[in-house]
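> let me see the structure of the following:
(one chain, ligands or ions: 1)
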Amino acid sequence: MSSRLSEKTGQLVVPGEQLGVIEEFVPDLGTYVKDGVIYSKVLGRALLDLSTRRVSVFPVSRGPKVPRVGSIVVGQVSSVQNENANVRIFRVGKENISGFFSGILHISDVSMRYVDSMFDVCKPSDIMRAKVISDKNRVFHLSTQDKDLGVLHAFCTNCGFLLESRRMSMHCPRCGRIEKRKTAFDYGKGEL
Ligand SMILES: [Zn+2]
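Now for the predicted structure:
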């Protein structure tokens, strides 16, 4: 087993592939143990640390990242109607993607509370974090029902300046306009 693992270090391994036994090695990230045998949990590169005898597998991603049900995504609002907003998804998880996917946020998925109009939720060019709740027909349906979901950066519809979040409303420090948004709890904290 030990010689096999030494050969495998740096090599691509598949989920379920045997890496060694717990008498010889310490299972670490990306592995699991069954009946004393260490297996790879993911598709990735097996790494053996010779000094600590730790064996781990670092996942490799296959192809471009695509949003899935449950993915947290970030995108820019492209258009808003009374009951829907269209979002151009440009980040999936922590990865910025080349190009974008189209997402749609329906008013019933904005908040646990009743929302009167989508125009109180977001405006075109706002940056928003949302969760994918359905991907039927490659249309990504989004939800912002958690407190960590919602608008991250909002721009004044009068002058385009970045709005500040103040209690229940949004305030433009340049022209004084007051607007409404459904913000994430960390509104304005991340980089653009
Ligand atoms: Zn303004």
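
> check contacts around residue 19.
By CB atoms under 8 Å, 6 or more residues apart in numbering, the residues touching residue 19 are 5, 8, 13, 25, 31, 38-40, 46, 55, 57. Placement of C-beta: from N, CA and C, glycine included.

> can we see that at 10 Å?
1, 4-5, 8-9, 13, 25, 27, 30-33, 37-40, 46, 48, 55-57 (CB atoms under 10 Å, 6 or more residues apart in numbering).

> and the helix or strand containing it, which residues are buried?
In the assignment (DSSP states H and E), residue 19 maps to strand 18-21. Of the residues in strand 18-21, 19-21 count as buried by neighbour count, 16 or more other CB atoms under 10 Å.

> counting neighbours, what do you get for residue 150?
Using other CB atoms under 10 Å, residue 150 has 25 neighbouring residues.

> which residues does it bridge with?
residue 129 (DSSP bridges).

> could you list every residue that touches it?
Contacts of residue 150 (CB under 10 Å, 6+ apart): 105, 110-111, 121-122, 126, 128-130, 144, 181-187.

> output stretch 100-118 as CSV, nothing but the C-alphas.
Taking Å, rounded to 0.1, in the frame of the first residue of the first chain, the C-alpha atoms of stretch 100-118 are listed here in CSV:
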residue,chain,number,x,y,z
PHE,A,100,-22.8,35.0,-17.6
PHE,A,101,-25.9,33.0,-16.9
SER,A,102,-29.4,34.4,-16.8
GLY,A,103,-31.2,34.3,-13.5
ILE,A,104,-34.7,35.4,-12.6
LEU,A,105,-35.9,36.5,-9.2
HIS,A,106,-39.7,36.3,-8.7
ILE,A,107,-41.4,38.5,-6.1
SER,A,108,-42.6,35.6,-4.1
ASP,A,109,-39.0,34.4,-3.5
VAL,A,110,-37.6,37.8,-2.3
SER,A,111,-38.4,37.6,1.3
MET,A,112,-40.4,35.7,3.9
ARG,A,113,-42.4,38.9,4.3
TYR,A,114,-44.9,40.2,1.8
VAL,A,115,-43.3,42.3,-0.9
ASP,A,116,-45.5,44.8,-2.7
SER,A,117,-43.4,45.6,-5.7
MET,A,118,-40.1,44.4,-7.2
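
> buried set for that stretch?
If you call a residue buried by 16+ other CB under 10 Å, then stretch 100-118 has these buried ones: 101, 103, 105, 107, 109-111, 115, 118.

> which of those residues sit farthest apart?
Spanning the widest gap among the buried residues of stretch 100-118 are 101 and 115, at 23.8 Å by CB to CB.

> run the chain-centre distance for whichever helix or strand comes after the strand holding residue 19.
Note on strand 18-21: by DSSP H and E, the next helix or strand toward the C-terminus is strand 26-27. Remark: strand 26-27 is offset 29 Å from the chain centroid, using CA atoms, centre = their mean, to the nearest Å.

> how about stretch 51-62?
For stretch 51-62, the distance to the chain centre is 23 Å (CA atoms, centre = their mean).

> residue 54 contacts residue 24, doesn't it?
No. Residue 54 is not in contact with residue 24 according to CB atoms under 10 Å; the separation is 11.3 Å.
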